[in-house]
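1. Got a predicted model here, sequence first, then my questions.
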Amino acid sequence: MDSPSEAPIPPTRATAIAPATRTVWSLGAVGRIEILLDEPAGAPRGVALVAHPQPLLGGSARHKVPHVLAHALRDQGWLSMRPNFRGVGGSEGRHDHGAGETEDLLLVAAQARADHPGLPLALMGFSFGAYVQSHVAARLAERGDPARHVLLAGMPVGQVQDWRHYDPAPVEHAWLVHGEFDERAGLQALLGWARERRQPVFVVPGADHFFSGRLQLLRELVAAQVGSI
């Protein structure tokens, strides 16, 4: 299942003084969206949306991977938002296999940009959340207002377990991060997809789907990507 919850992370100077995670609400296409908000200690340098894994397998905004991504962003001075997808936590609606979830995140991104004009936007996601974020990023790019940073970790491509099928949208300049031994979203499928699009993939040697024992590396990748804006 895609349901490991948040695990404590070692405190840093930034986490010691940053506000605690709090819950806020936004409006999606079919109702309210519950969002976990992580604010930096000072004025935000940017706004980030972090998407969680498959709700049908127990994924939520409290899963350990989006938790780590969100806190890494916060520690780099970004305002980090972790929406719960439809039917998860307090979010209204039913699971829509990525289509409705894409529409909801586009609305959340638009509201975040309206609330924080002039700040860059980052999109990050894990597993199903990475798949959704690929479509969000592509739609924003088509509109001529692309996200500044896109990081997609453990993104499924093609058919995976339980006969689910994923067709990600190609996103120019996205960082694709994948575990060498990903048992849920096979690396070879992603490499074939990326090869056709000449898109590089960052492979984490020895890592499984959940980046067990490698989450600190994900934090470092986030810092490398967004640390200098």
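-> Right, received. Where do you want to start?

2. What is the neighbour count of the nearest residue to residue 146 once chain neighbours are set aside?
-> Among residues not flanking residue 146 along the chain, residue 140 sits closest, at 5.3 Å (C-beta to C-beta, 6 or more residues apart in numbering). (Each C-beta comes from the backbone N, C-alpha and C, glycine too.) Residue 140 sits with 21 neighbouring residues when counted by other C-beta atoms under 10 Å.

3. So residue 140, which state does it fall into?
-> helix (DSSP: H, G, I helix; E, B strand; the rest coil).

4. which residues sit in contact with it?
-> 106, 109, 121, 146, 147 (C-beta atoms under 8 Å, 6 or more residues apart in numbering).

5. Make sure residue 123 is indeed in a strand.
-> Yes - remark: residue 123 belongs to a strand, assigned using three-state DSSP.

6. how close does it sit to residue 44?
-> 16 Å (C-beta to C-beta, to the nearest Å).

7. Same question for residue 149.
-> 14 Å.

8. more neighbours, these two?
-> residue 149 (22 against 18).

9. Give the bridge partners for the more buried one, please.
-> residue 122 (DSSP bridges).

10. wait, it sits on residue 228?
-> No - using C-beta atoms under 8 Å, residue 149 is not in contact with residue 228, being 10.6 Å away.

11. rewinding a little: may I ask which two of the contacts of residue 140 are separated the most?
-> 106 and 146 (12.7 Å; C-beta to C-beta).

12. Find the residue at the geometric middle of this protein.
-> In the chain, the C-alpha nearest the mean C-alpha coordinate belongs to residue 125, at 1.9 Å (C-alpha atoms, centre = their mean).

13. Strands of the chain, residue ranges please.
-> Per DSSP state E, the chain carries strands over the ranges 22-27, 32-38, 46-51, 78-83, 121-126, 149-153, 158-159, 165-166, 175-179, 201-204.

14. who's in contact with residue 82?
-> 35, 36, 37, 38, 49, 50, 51, 52, 61, 66, 67, 70.

15. same thing but 7 Å
-> 35, 36, 50, 52, 61, 66, 70 (C-beta atoms under 7 Å, 6 or more residues apart in numbering).

16. Please tell me how far the last one sits from residue 119.
-> With the distance defined as C-beta to C-beta, residue 70 ends up 16 Å from residue 119.

17. what do you get for the first one?
-> Counting by C-beta to C-beta, the gap from residue 35 to residue 119 is 17 Å.

18. Tell me which of these two has more neighbours.
-> residue 35 (23 against 19).
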